[in-house]
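Asks: Fold the following for me, if possible:
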Amino acid sequence: MRLIGFASLVVFVFALSGCSVRMQNLAGAAEEALFGNDDVALTEAEIAELPYAATYFETETSGRIVAVLDRATELQRVYRTGGEEAFVTRFGRIVSSSNMPGVPLYTSGLNEDPLGCWVGRTAAESSAATTEGNCQSSWQRTVELGNYGSNVLRQVKVSSTFEVAAQETYRHPDGTELQATKIIERGVFAGEDFSNEFYAVNGRVVFAKHYLSKDLGYGILQEIKPFNGDL
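Replies: As a prediction, this is how the structure comes out:
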């Protein structure tokens, strides 16, 4: 199942900068990639020209696309497509969405998500926090799936535990090499075991692979251009 509704998303990203012939050409190339066999992959030069914060998004059932940051609050980021699709992230995790079947509509207990404690720590700080018990290592929440208005909604109880691995060198899509703290989350979602990975750098998550649902499997978010408020 390919998420056809995402197909207009990259066109929206580059249409906003329609005065640039180069960007218009890039939009055409991106649209071709979405409808063809290839995933979207921007070059470092193309990323440098992007005037907006953006992220790659893909699932096990769909190719990679680009989503643009629509607005931001203190902890949450809202990314939007060229259509009616939108999703909200918190510490790199998609916690809610609109018009995206298989992506969580709602996630409870966000203030108890241990990612809020671990993100931004160095490896040494993470080790100390674990020893001192400053960060919780488990989380229980309810995830709601379905489509609002369809009267077909499903709630899933999810339990997970967290651990922090040593820092790793992470190559950002813009070519920058970053020292990232890798956070691993393991748990059970509707009878399915999952293992999520989050790469955190100075208070923001630059890469996240996390389980969305049985329909989509894992979703991957990869920062293309950071939000200025996160730097």
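Asks: CA only for contacts and neighbour counts going forward, please
Replies: Noted.
Asks: quick one: strands adjacent to the lengthiest strand in the chain?
Replies: The residue-count maximum for a strand in the chain (DSSP state E) belongs to strand 152-171. Sheet pairing for strand 152-171, assigned by DSSP bridges, gives strand 138-147 (antiparallel), strand 177-189 (antiparallel).
Asks: Can you name the residues in contact with stretch 170-181?
Replies: Stretch 170-181 is touched from outside by 43-45, 47-48, 119-123, 164-169, 199-201, 206, 223-225, with contacts defined as Cα atoms under 8 Å, 6 or more residues apart in numbering.
Asks: one more time with 10 Å
Replies: Stretch 170-181 has contacts (Cα atoms under 10 Å, 6 or more residues apart in numbering) with 41-48, 55-56, 118-124, 126, 164-169, 182, 198-202, 204-207, 222-225.
Asks: for this structure, what spans make up the strands?
Replies: 54-59, 62-72, 76-80, 86-90, 93-98, 106-107, 138-147, 152-171, 177-189, 192-201, 204-213, 217-225.
Asks: follow-up on the earlier one: pipe the strands paired with strand 152-171 into TSV and attach distance to residue 214, mean pLDDT and mean neighbour count per row.
Replies: As requested, those are exported to TSV (distance: least, Cα to Cα, whole Å; pLDDT from 0 to 100; neighbours: other Cα atoms under 10 Å):
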stretch	distance to residue 214	mean pLDDT	mean neighbour count
strand 138-147	10	92	19
strand 177-189	8	95	20
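Asks: What I need now is the ones you listed written out in TSV, including distance to residue 64 for each item.
Replies: Converted to TSV, these look like this (distance: least, Cα to Cα, whole Å):
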stretch	distance to residue 64
strand 138-147	22
strand 177-189	22
